[in-house]
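K.L.:
Provided below for reference: sequence and predicted model.
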Amino acid sequence: MSAPVIEKREGGCLCGAVRFTAGLTKREFGACHCEMCRRWTGSALLGMTVPEGNVDWVGEEHIASRQTSPWAMRAWCRECGSNLYYKVTIQNEWSGNVELPIGLFDDANGLTLANEIYIDHKPDSFAYAGEGRKLMTRQDCIEKFSLLGTA
Ligand SMILES: [Zn+2]
Ligand SMILES: [Zn+2]
């Protein structure tokens, strides 16, 4: 049922206590400009959606996590604070995946920024280069990902 793995990439946190091998099903990733991702990352979350079962973690005991909204949790390395993943905890089309920040990959080249969500919440001081990406507003996301009644 899940898409075939086209490539495996290794990655890890800043201090190296947490490492992973991720089986990618595509080479596209997205940017999230929502207020929570902005605060969590300090900018925007540049995340690649990877089926949870495709990620093999090493040093899992160093991973801390927290339910950060009614529909999602975020995880980080408890030793160095690097953000490790975002995961939806309700049933919607994102369920069963983790969102891995592409900056964790040892080699983050050769990937395409394919979509930006909460584009209407992006700070006006910067914009990613290029065109042709799929853009979604906060309202688009609330409707598409069943986040009604939430932030
Ligand atoms: Zn670490
Ligand atoms: Zn976000």
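P.N.:
Looks like it came in fine. Ligands and ions are numbered 1, 2, ... in the order given.

K.L.:
is it true that Phe105 touches Lys8?
P.N.:
No: look at Phe105 against Lys8 with C-beta atoms under 8 Å: they stay out of range, at 10.7 Å. For glycine as for every other residue, the C-beta is placed from the backbone atoms N, C-alpha and C.

K.L.:
Show me which of these two is the more surrounded one.
P.N.:
Shown here are Phe105 and Lys8; by other C-beta atoms under 10 Å, Phe105 has more neighbours (20 against 11).

K.L.:
Which strand residues bridge the more buried one?
P.N.:
Judged by DSSP bridges, the bridge partners of Phe105 are Gly11.

K.L.:
Tell me which other helices or strands the helix or strand encompassing Val98 touches.
P.N.:
In the assignment (DSSP states H and E), Val98 maps to strand 97-101. With contacts taken as 3 or more C-beta pairs under 8 Å, 6 or more residues apart in numbering; DSSP states H and E, strand 97-101 sits against strand 45-51, strand 83-88.

K.L.:
looking at those strands, which is closest to ligand 2?
P.N.:
strand 45-51 (5.4 Å; C-beta to the ion).

K.L.:
re earlier: send the alpha carbons of the strand holding Val98 over as CSV?
P.N.:
Output in CSV follows, covering the C-alpha atoms of strand 97-101 (Å, rounded to 0.1, in the frame of the first residue of the first chain):
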residue,chain,number,x,y,z
ASN,A,97,4.0,9.6,8.3
VAL,A,98,6.7,11.6,10.0
GLU,A,99,7.8,15.0,8.7
LEU,A,100,11.7,15.0,8.8
PRO,A,101,13.4,18.3,8.6
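
K.L.:
relative to strand 45-51, how tilted is it?
P.N.:
140 degrees (axes from the mean of the first three to the mean of the last three C-alpha atoms, to 10 degrees).

K.L.:
Give me the contact status of strand 97-101 with ligand 2.
P.N.:
No: Strand 97-101 stays clear of ligand 2 (C-beta under 5 Å from the ion), getting no nearer than 8.7 Å.

K.L.:
angle of that strand against strand 83-88?
P.N.:
Using the same axes, to 10 degrees: strand 97-101 against strand 83-88 is 150 degrees.

K.L.:
Quick check: next helix or strand after strand 97-101?
P.N.:
Counting by DSSP H and E, what follows strand 97-101 is strand 112-117.
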